[in-house]
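Student: The sequence and its predicted three-dimensional model are supplied below.
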2 protein chains.
Amino acid sequence: MTSAPASPQKFAVIGLGSMGLGMALSLLRAGHEVTGYDVSAAATEAFVADGGATAGSAADAAGNADAVLSVVVNAAQTEALLFGPNGIAEVMPEGAVFLSSATMDPDVARRLAARLEAMGRLYLDAPISGGPLRSAKGELTVMASGSPAAFERARPCLDAIALKVYELGDAAGAGAAFKMINQLLAGVHIAAACEAVAFAARQGLDLGKVYEVITASAGNSWMFGDRVPHILDGDYRPKSAVDIFVKDLGIVQDMARTAKFPVPLSAAALQMFLAAAGSGMGREDDASLARVYAALAGVDLPGHPA
Amino acid sequence: MTSAPASPQKFAVIGLGSMGLGMALSLLRAGHEVTGYDVSAAATEAFVADGGATAGSAADAAGNADAVLSVVVNAAQTEALLFGPNGIAEVMPEGAVFLSSATMDPDVARRLAARLEAMGRLYLDAPISGGPLRSAKGELTVMASGSPAAFERARPCLDAIALKVYELGDAAGAGAAFKMINQLLAGVHIAAACEAVAFAARQGLDLGKVYEVITASAGNSWMFGDRVPHILDGDYRPKSAVDIFVKDLGIVQDMARTAKFPVPLSAAALQMFLAAAGSGMGREDDASLARVYAALAGVDLPGHPA
């Protein structure tokens, strides 16, 4: 249901992939004025076709926004968006808030926030969790940290895109760190699920029964329940791609090395994601790790004979 | 509620630790005649104090049983119980069924079953899942495989001890293999949970918030939800000991090596369980892996300053 909010705001959404598009449409649906921008003309057109406005550049989109929602892929794109050539930091209205959703090293989030805040704009460290479906429904989870002023200014935006907002601290960095802990676990659990299912296939077990038994047992994980059906269906079209965890477990490794903290589980998982990416599956579904194990051991998987 | 079954049976329960005692009492409560035996006199006395009968040896307990429930620790004890000096295989009535609950290599389960069946007794490969609490309530999960005759003879016993019996195949080995797949995942997830929580502590995050956020996110696992509270409470009294996964992930490694199947996640997890055991924590709670990570990186955990 569409209903105008008490005070409709002007938002810019930069990055209109499957996540950003859903967030932009959720903001529109909540009655706000939304300008979307993506370097891909096709992505921008999809938003316009659904009733959104667009602009000639990210800077044009952000120039009069109360809040800018950044839904780009990584820290480098976030930094370029803010401070690169034709960056938006200088053109954002003073006191406007930048919500950064890309998964990144907490130190980078702190650095970007300090630089933007020194220019009189607000920064909310706001990584998201939940797939395209929850994004489209405005039901994401946000792991947020930032100044009280940043939270206050970002509230109408958060209300429209998220079902649950965790408030994790009064400065940038905490949100990013919580997201990295989640990604550490998620990445390890995907690799473990693929190791277990391919090993079960090697043992000659009925994989449908494995799914039934494990999802009801102490060996279960959220990722096991979510990803193993892809293996059972032999369907490796990317719901979430291998390359995402190559990136995110890479960030975990970098953080851990800086902190002199050994992370052998995450390190082993990253090697398997790298093996999948190196085998040409980087843009396919992350359950493809099962195919790497199967290939290494000459094991049949559904739809994928050895 | 105690009510006599349609046809009360004679059962022997060998091994009266926290799991076996609960199973023996569940059988008593269901109206059967139960003789318990444990090499520890104290364990046997606990069963007698609760109304059970006992015998001078395992063979004496099993001599007239319809079914023998073996709740010993591992494959070696199972083999000794059946075929060692004063073993029960020869004294079990012909056609009686042996239910084997110890976690073991499926090849060993197949070998033990073949040997017992050649002597005219039945073998049900019946690993269990669920802790002492569910054992005491007769609400275990059993991952069972065996001949139709073994299942039929074991049914009254299974009915009394389990809420859920998975029937996983018509020969011994499948039950053991399913249990090993569960243990592979459970072990990796415990190690991952400890890695993530200690790393979160290293990042200065509020661990209570980490628990709240992760258990509601895609990084969750059954083990994360179950074990992390031990870390938050600084309570490492053994609900499930480190040594159990030293054993079970060791079996996974042996199986995988035999099968020429690489299991890098399980291998990394085993190293962390070995580090915990080697640090003197083998008989403490398996969440102790968090203390190993914390010690390696000089990180404070609740109740355990670095």
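Tutor: Everything's here; your move.
Student: all contacts plus neighbour counts: C-alpha atoms, from now on.
Tutor: OK.
Student: Partner strands of the helix or strand harbouring A:V68, with direction?
Tutor: Using DSSP states H and E, A:V68 sits in strand A:67-70. Partner strands and pairing direction for strand A:67-70 (DSSP bridges) are strand A:10-14 (parallel), strand A:97-100 (parallel).
Student: Return the distance of stretch A:177-191 from the chain's centre.
Tutor: The chain centroid and the centroid of stretch A:177-191 are separated by 12 Å under Cα atoms, centre = their mean, to the nearest Å.
Student: List the buried residues of it.
Tutor: A:177-191 (16 or more other Cα atoms under 10 Å in any protein chain shown).
Student: Spell out the residue ranges of the strands in the stretch 1-150 of chain A.
Tutor: A:10-14, A:33-37, A:53-54, A:67-70, A:97-100, A:122-125, A:128-129, A:140-144 (DSSP state E, counting those that start in this stretch).
Student: With respect to burial, which of those strands scores highest?
Tutor: Of all these, strand A:122-125 has the most neighbours on average by mean count of other Cα atoms under 10 Å in any protein chain shown, namely a mean of 30.
Student: That one packs against which elements?
Tutor: Where contact means 3 or more Cα pairs under 8 Å, 6 or more residues apart in numbering or on different chains; DSSP states H and E, strand A:122-125 is packed against strand A:97-100, helix A:106-117, strand A:140-144, helix A:148-161, helix A:174-202.
Student: The stretch 101-250 of chain A against chain B: which residues are in contact?
Tutor: A:129-130, A:166, A:168, A:174, A:177-178, A:181-186, A:188-189, A:191-193, A:195-197, A:199-200, A:202-203, A:205, A:209-210, A:213-214, A:217-223 (Cα under 8 Å from any Cα of the partner chain).
Student: swap the cut-off to 7 Å and go again
Tutor: Taking Cα under 7 Å from any Cα of the partner chain as the criterion, the stretch 101-250 of chain A approaches chain B at residues A:178, A:181-186, A:192, A:195-196, A:200, A:210, A:214, A:218-223.
Student: domains of chain A?
Tutor: A:10-170, A:177-297 (automatic domain parsing).
Student: For beta bridges, what are the partners of the spatially closest residue to A:R153 that is not a sequence neighbour?
Tutor: Leaving aside its sequence neighbours, A:R153 sits nearest to A:V97 (Cα to Cα, 6 or more residues apart in numbering or on different chains; 6.3 Å). According to DSSP bridges, the residues that bridge with A:V97 are A:A67, A:L122.
Student: Chain neighbours aside, what residue packs nearest to whatever residue of chain A ends up closest to chain B?
Tutor: Closest residue of chain A to chain B, Cα to the nearest Cα: A:S221 (3.8 Å). Distance criterion Cα to Cα, 6+ apart; nearest residue to A:S221, sequence neighbours excluded, is B:S221 at 3.8 Å.
Student: can you pull the contacts of the residue of chain A closest to chain B?
Tutor: A:S221 is in contact with A:189, B:220-222, counting by Cα atoms under 7 Å, 6 or more residues apart in numbering or on different chains.
Student: let's see 6 Å
Tutor: Shown in contact with A:S221 (Cα atoms under 6 Å, 6 or more residues apart in numbering or on different chains): B:220-222.
Student: I'd like the distance between it and B:I190.
Tutor: 11 Å (Cα to Cα, to the nearest Å).
Student: repeat for A:A75
Tutor: Taken as Cα to Cα, the span from A:A75 to B:I190 is 31 Å.
Student: now A:P8
Tutor: Distance from A:P8 to B:I190, counting by Cα to Cα: 47 Å.
Student: before we move on, back to that, output the helices and strands packed on strand A:122-125 in JSON lines, with mean pLDDT and distance to A:I88 appended to each entry.
Tutor: As requested, the helices and strands packed on strand A:122-125 are exported to JSON lines (pLDDT from 0 to 100; distance: least, Cα to Cα, whole Å):
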{"stretch": "strand A:97-100", "mean pLDDT": "98", "distance to A:I88": "10"}
{"stretch": "helix A:106-117", "mean pLDDT": "98", "distance to A:I88": "10"}
{"stretch": "strand A:140-144", "mean pLDDT": "97", "distance to A:I88": "21"}
{"stretch": "helix A:148-161", "mean pLDDT": "98", "distance to A:I88": "17"}
{"stretch": "helix A:174-202", "mean pLDDT": "98", "distance to A:I88": "21"}
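Student: hmm, back to that, would a markdown table of the strands of the stretch 1-150 of chain A with distance to B:G20 be doable?
Tutor: Listed next are those as a markdown table, based on distance: least, Cα to Cα, whole Å:
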| stretch | distance to B:G20 |
| --- | --- |
| strand A:10-14 | 60 |
| strand A:33-37 | 63 |
| strand A:53-54 | 68 |
| strand A:67-70 | 57 |
| strand A:97-100 | 54 |
| strand A:122-125 | 52 |
| strand A:128-129 | 43 |
| strand A:140-144 | 44 |
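Student: which one of these lies closest to B:M92?
Tutor: Among the strands of the stretch 1-150 of chain A, the nearest to B:M92 by Cα to Cα is strand A:128-129 (57.6 Å).
Student: can the helices and strands packed on strand A:122-125 go into a markdown table with extra columns for distance to B:I244?
Tutor: Shown next, in a markdown table, are the helices and strands packed on strand A:122-125 (distance: least, Cα to Cα, whole Å):
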| stretch | distance to B:I244 |
| --- | --- |
| strand A:97-100 | 44 |
| helix A:106-117 | 37 |
| strand A:140-144 | 36 |
| helix A:148-161 | 45 |
| helix A:174-202 | 19 |
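Student: Compare the ones you listed and give me the one nearest A:M19.
Tutor: Nearest to A:M19, of the helices and strands packed on strand A:122-125 and by Cα to Cα, is strand A:140-144 at 9.6 Å.
Student: Any idea how far that closest one is from the middle of the chain?
Tutor: 10 Å.
Student: same question, stretch A:78-90
Tutor: 20 Å.
Student: buried stuff in it?
Tutor: A:78-79, A:81-83, A:87-90.
Student: what do you get for stretch A:234-242?
Tutor: A:234-236, A:238-242.
Student: Stretch A:71-79 too?
Tutor: Buried residues in stretch A:71-79, counted by 16+ other Cα under 10 Å: A:71-75, A:78-79.
Student: repeat for stretch A:22-40
Tutor: Neighbour-count burial for stretch A:22-40 [16+ other Cα under 10 Å]: A:22-38.
Student: all strands for the stretch 151-300 of chain A, in order.
Tutor: If DSSP E, counting those that start in this stretch is used as the criterion, the strands of the stretch 151-300 of chain A fall at A:162-167.
Student: Is it possible to get TSV of the buried residues of stretch A:234-242 that adds distance to B:D125?
Tutor: Listed next are these as TSV, based on distance: Cα to Cα, whole Å:
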residue	distance to B:D125
A:G234	31
A:D235	34
A:Y236	35
A:P238	39
A:K239	38
A:S240	39
A:A241	39
A:V242	38
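Student: B:S57: which of the residues you listed is nearest?
Tutor: B:S57 has its nearest neighbour among the buried residues of stretch A:234-242 in A:G234, at 53.0 Å by Cα to Cα.
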